[in-house]
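Peer 1: I'd like to go over a predicted model; first the sequence, then the structure.
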Amino acid sequence: MSTLMRILQFTRSLTPYYIGIMVAAAVVTAAGLSVPFITGKATDVVVEAVRSIAGGEGVPDDAIRIVVLLSLALLAASLVETFVSNIGGYWGDVMSAKMRTILSTRYFEKLLSLPQRYYDNELTGTIVARLNRSISEVTNFMKSFSNMFVTMLMTTVAVLAISAWHYWPLALLLLIAYPLYLWLTALTSRKWQRLEGRKNEHVDIASGRFSEVVGQIRVVKSFVRERSELQHFEEHFDETVQLTAEQSRHWHLMDGLRRGVLNVIFFALYVIIFVRTVTGHFTPGEMVMLIQLMAMARQPVTSLSWVVDSAQRAIAGSKSYFEVMEIDPADLDGGPAGRATGRRDAADIRDAASPGAPGSRDGGDAPMASFRNVRFGYDEDDDVVSGISFDMARGERVALVGESGGGKSTLINLLLGLYSPRSGSIEVAGIDGDLSALRRSIGVVFQDPSLFSGTIAENIAYGRPDASREEIEEVAKRAAVDIFVEKFPAGYDTVIGERGMKLSGGQKQRIAVARAMLKDAPILVLDEATSALDTKSERLVQAGLEELMRGRTSLIIAHRLSTIAEVDRIITLRDGRIDEIGTPAELTESGGIYAELLALQNSTSKADRKRLKRFDVIG
Ligand SMILES: Nc1ncnc2c1ncn2[C@@H]1O[C@H](COP(=O)(O)OP(=O)(O)OP(=O)(O)O)[C@@H](O)[C@H]1O
């Protein structure tokens, strides 16, 4: 029930539509309810006329006029029904579209606000499947509920009142039928929902895999895994068939029972009506009217099971939707703890970043970023990094060096505020708590360029959608994007496919560099690509990165010894802790990890090459 309340609360703004649909349904029901009275009255007039003709008195005076008028009343009732039900249908369609918009945008908004940790444990396809299911089930329910609720209520009240007026035992029998049917329906609900939940889980798993497979189709094909992926997909859907069979068996068994009970009650009702007509208590017209009313009395009962059915689906279908909506980001990630407070926005930092620039407020001596005794792990118990303390001065280039899996990317994730440290703090030029301001002040070039479908220009301007074409082309030149763009007929308006599929690795990386350049953030985070670009392409990417780093505070995960040699300071990591910090010259002499890497680069021994590989470093 609480789910239904939540649905109503969620879609409060649609109340005028619910009311409109209900009013339309009320008019349609009223028109429908007038039909038994009209046909009952017509029956009495016809029976009277037949009697009069049989008695040799001929056709009664106004019998023809009355039956024609009654037929016109029937026509009016059906015209009203036709017209108003179409208006109600129109409102229903608009309501569904609005509901889709509300549910989808609020879900997307919520997802965008959730921390990285949430995405670590979810599959894209699952997220999408959940959204689609919730939308269709909730919309169906709200449509059928607002359409049927008033009809059910009005019909029930009218049928009960009219039958009580004519003969109270009829009303009594109906009063027994309704709650009994409702109770039997409710009995089926719990098991049905449990099975529906399990079916949904299977669909979600299959959908999650589906989108992963489609997104990485090249890998699937090259490992010839099409068959097994298909089989995995099919297995989950086969499970839903089994579960549906069980669910449906249960539902129809109970439905048989419910309807059987209902049939017996209606049998009693018909017997009463017929017997009372032949004994002269009801006129033939009253009998016709009551029989039609009884037929209408079945409607609320069957509608009820339809409403219960769609309510069940809505409850089961939207369960995981509302679970997501109720996630408190702080529960997932402990909130922005570990970030000291301070109020400066990206523009201030940008000013502060360029030494001597107007607006530089704290003398330019304060570090641009500081890690203070930071400890962090992804899982409950294990720490991935601990005791991390270092400062980055303005304009300084710092390289992180460590074994693969040693926590370099983790430190970058922490700097970007994608996760919160377990203890210790990270401060970025005084910003804290305000994650948007923090991220606005950091430009990132990930190892995987992570482009979006759309045009090259749109991708470059991703961080600054208001950038002019001149600005886009200017950074494109600096990042050597222009060289290949000139060869495309559509130039910067070339559409690059999902994640930039239609471009080469080097081209994608250059766009990613241009994108970071245009963002023009004072701090730069760089995960140097290890992918074997051809030398020319690599040189171009490298030149772009050099250009990008100029004048910025940069934290680099370096995979080339040549890059490492050119930074201001190197931080080496060992077992999640800082091993050494120093200039390249200092660390060359210290005998630590960097010195070892330098020694290894010229070695041709297999063991040494292997060791280099563990650091993901190329000479
Ligand atoms: N999202 C995550 N959830 C759980 N564990 C993770 C997650 N990301 C990384 N890890 C784990 O944290 C450890 C450090 O990973 P990290 O990506 O920081 O290493 P790295 O030094 O950047 O490695 P590489 O140079 O290979 O990219 C690894 O053991 C990894 O398995």
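Peer 2: Thanks, I have it.
Peer 1: so how far is Ser305 from Leu187?
Peer 2: 12 Å (Cβ to Cβ, to the nearest Å). Heads up, the C-betas are built off the backbone N, CA and C, glycines and all.
Peer 1: between the two, which has more neighbouring residues?
Peer 2: Ser305 (19 against 13; other Cβ atoms under 10 Å).
Peer 1: name the helix or strand of this structure that has the lowest mean pLDDT.
Peer 2: Least confident helix or strand of the chain, by mean pLDDT, DSSP states H and E, is helix 346-353 with a mean of 40.
Peer 1: after it, which helix or strand is next?
Peer 2: Past helix 346-353, further along toward the C-terminus, the next helix or strand under DSSP states H and E is strand 369-376.
Peer 1: list the helices and strands that next one packs on?
Peer 2: For strand 369-376, the packing partners by 3 or more Cβ pairs under 8 Å, 6 or more residues apart in numbering; DSSP states H and E come out as strand 385-392, helix 408-415, strand 423-428.
Peer 1: ok, now with 6 Å
Peer 2: strand 385-392, strand 423-428 (3 or more Cβ pairs under 6 Å, 6 or more residues apart in numbering; DSSP states H and E).
Peer 1: what's the least confident stretch among the ones you listed?
Peer 2: Mean pLDDT is lowest for strand 423-428 among those, at a mean of 89.
Peer 1: what average pLDDT does the next helix or strand after that strand get?
Peer 2: Using DSSP H and E, the helix or strand that follows strand 423-428 towards the C-terminus is helix 435-440. The average pLDDT within helix 435-440 is 85.
Peer 1: buried residues in helix 435-440?
Peer 2: 435, 437-440 (16 or more other Cβ atoms under 10 Å).
Peer 1: which other helices and strands contact whichever helix or strand comes after it?
Peer 2: Next helix or strand after helix 435-440 toward the C-terminus (DSSP H and E): strand 442-445. With contacts defined as 3+ Cβ pairs under 6 Å, 6+ apart, the packing partners of strand 442-445 are helix 505-519, strand 523-527.
Peer 1: rewinding a little: now the helices and strands packed on strand 369-376 in a markdown table, with distance to the ligand and mean neighbour count?
Peer 2: Listed next are the helices and strands packed on strand 369-376 as a markdown table, based on distance: least, Cβ to the nearest ligand atom, whole Å; neighbours: other Cβ atoms under 10 Å:
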| stretch | distance to the ligand | mean neighbour count |
| --- | --- | --- |
| strand 385-392 | 8 | 19 |
| strand 423-428 | 15 | 20 |
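Peer 1: looking at these, which is nearest to Lys502?
Peer 2: strand 423-428 (36.0 Å; Cβ to Cβ).
Peer 1: which elements pack onto that closest one?
Peer 2: strand 369-376.
Peer 1: so what touches the strand it packs on?
Peer 2: With contacts defined as Cβ atoms under 6 Å, 6 or more residues apart in numbering, strand 369-376 is touched by 383, 385-386, 388-392, 414, 421-428.
Peer 1: on that earlier part again, out of the helices and strands packed on strand 442-445, deepest packed?
Peer 2: helix 505-519 (a mean of 26; mean count of other Cβ atoms under 10 Å).
Peer 1: many thanks, we can stop here.
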